[in-house]
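Enquirer: here are the coordinates; sequence isn't available:
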């Protein structure tokens, strides 16, 4: 429908996002005049399901806009103390709801793939504990924002030493559960998952940490070498001991 790079306006000067919102406004305005009593019993269940799915798709668009606004620090630039405070006042929503939506918006936004977070600090926190499977389900209208909030809360509560691969599998499992269960049941499943992960033995965690170890040296060609890696606590202590005298 809108064929451009997604960042600029079309020939009429209207950005594609604005065009989408204008089109949605027009369609829903027409919908207000529809007589629901004319729907047959056979058509009504499908209409209900489709309307519910559309609400999820609309929410996904809102959350993408919110992530972009927070990335630009727009709330602070407009005089608020934060994006959370800005949308709380602008949209007249509860502070807790505003904070949860900002967090959810970033978790649903695909992370920026970076090898060295120190080169792009802003990408670091958002590149972990993301929710690509949930984002896909919400975009398809297969889950609701209530489901997504349960998953987002669970991702925040995962053990801090849980590996990225394990966290990704947990999110995929939760997204699959969300397609089959209501948010209350999903919360129970999420609580059980957190309990299982938190009860993992120390030996299991140490073994996983051992498998994740890496140390890389990159010659930058200017007489310097970039060192990056991931070490276990014991290995890091050995390296520190060796380097401290230098």
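Expert: Noted; the coordinates are in hand. None of these values were measured; they are calculated from a predicted model.

Enquirer: show me where this protein has helices.
Expert: Counting by DSSP state H, one finds helices in the chain at the ranges 16-31, 44-71, 74-77, 83-91, 95-108, 123-126, 132-139, 145-157, 164-180, 183-198, 202-212, 233-243.

Enquirer: okay, these in CSV with mean neighbour count next?
Expert: C-beta coordinates here come from the backbone N, C-alpha and C atoms, glycine included. What follows is those, written out as CSV (neighbours: other C-beta atoms under 10 Å):
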stretch, mean neighbour count
helix 16-31, 12
helix 44-71, 15
helix 74-77, 15
helix 83-91, 18
helix 95-108, 19
helix 123-126, 14
helix 132-139, 20
helix 145-157, 21
helix 164-180, 17
helix 183-198, 15
helix 202-212, 12
helix 233-243, 11
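
Enquirer: any chance of these in TSV, plus mean pLDDT and distance to residue 37?
Expert: Listed next are those as TSV, based on pLDDT from 0 to 100; distance: least, C-beta to C-beta, whole Å:
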stretch	mean pLDDT	distance to residue 37
helix 16-31	92	14
helix 44-71	95	10
helix 74-77	94	44
helix 83-91	96	33
helix 95-108	93	35
helix 123-126	42	48
helix 132-139	96	32
helix 145-157	96	29
helix 164-180	94	32
helix 183-198	94	31
helix 202-212	63	59
helix 233-243	75	68
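
Enquirer: indicate which one of these is closest to residue 224.
Expert: Put simply, out of the helices of the chain the one that sits nearest residue 224 is helix 233-243, at 16.0 Å, with distance taken as C-beta to C-beta.

Enquirer: that older thread, okay, the helices of the chain in TSV with distance to residue 224 next?
Expert: Converted to TSV, the helices of the chain look like this (distance: least, C-beta to C-beta, whole Å):
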stretch	distance to residue 224
helix 16-31	43
helix 44-71	31
helix 74-77	36
helix 83-91	38
helix 95-108	33
helix 123-126	22
helix 132-139	35
helix 145-157	37
helix 164-180	28
helix 183-198	40
helix 202-212	26
helix 233-243	16
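
Enquirer: quick check: which of those helices is nearest to residue 221?
Expert: In this view, those are compared for proximity to residue 221 by C-beta to C-beta, and helix 233-243 is the closest at 23.2 Å.

Enquirer: report the distance from that closest one to the chain centre.
Expert: Between the centre of helix 233-243 and the centre of its chain there are 35 Å (C-alpha atoms, centre = their mean, to the nearest Å).

Enquirer: can you pull the contacts of the spatially most central residue of the chain?
Expert: Taking C-alpha atoms, centre = their mean, the centroid of the chain lies closest to residue 107, which sits 1.6 Å from it. With contacts taken as C-beta atoms under 8 Å, 6 or more residues apart in numbering, residue 107 has the following neighbours: 126, 129, 130, 131, 134, 152, 155.
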